[in-house]
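J.: following is a predicted model, sequence given first.
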Amino acid sequence: MSISDSKLEIKIKLNRRTKNHLNSMYFGVLAVGADVTGGFLAMNYIQASKSKINLIFKDFHADFLKRAEDDVHFVCEDGIAIQNLVILIKRIMIIAVPLVVLLTVVVVVMMIVIVLLIVLVIVLLEDFQQVH
């Protein structure tokens, strides 16, 4: 219904596909409406940042104040906070990816050093056994 940098509002109509046997909106439809409002804003910022960021649920909490017996409006007013979070994640990824590559190289080098030390110990033990 409306979108801006800071806010998104959508409406899901109550009809035979969204209505349960109690003539109110299915919980799943309500969950999708809540997900879509924040998720759509986030995806806009993620696509604009050209970052490879995936969205996933960490938690879900809902307070039902009354039955949804008519069309439901879902509003997310956290657009600026979501945009700031995407910017922060992008900055972290710029630092994190090279750091992961560096740590991987360090681990591989350490494994090679350990293998070489084991070979050296074996050679020294064989030499020691031949002498004695």
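T.: Ah, there it is.

J.: from the contact counts, what lies against the top helix by length along the chain?
T.: Identified as the longest helix of the chain according to DSSP state H is helix 79-131. When contacts are defined as 3 or more C-beta pairs under 8 Å, 6 or more residues apart in numbering; DSSP states H and E, helix 79-131 sits against helix 27-49. Placement of C-beta: from N, CA and C, glycine included.

J.: model confidence over whichever helix or strand comes after the helix it packs on, on average?
T.: Next helix or strand after helix 27-49 toward the C-terminus (DSSP states H and E): strand 72-76. Averaging pLDDT along strand 72-76 gives 92.

J.: how far off helix 27-49 does strand 72-76 point, in degrees?
T.: Angle, strand 72-76 to helix 27-49, by axes from the mean of the first three to the mean of the last three C-alpha atoms, to 10 degrees: 30 degrees.
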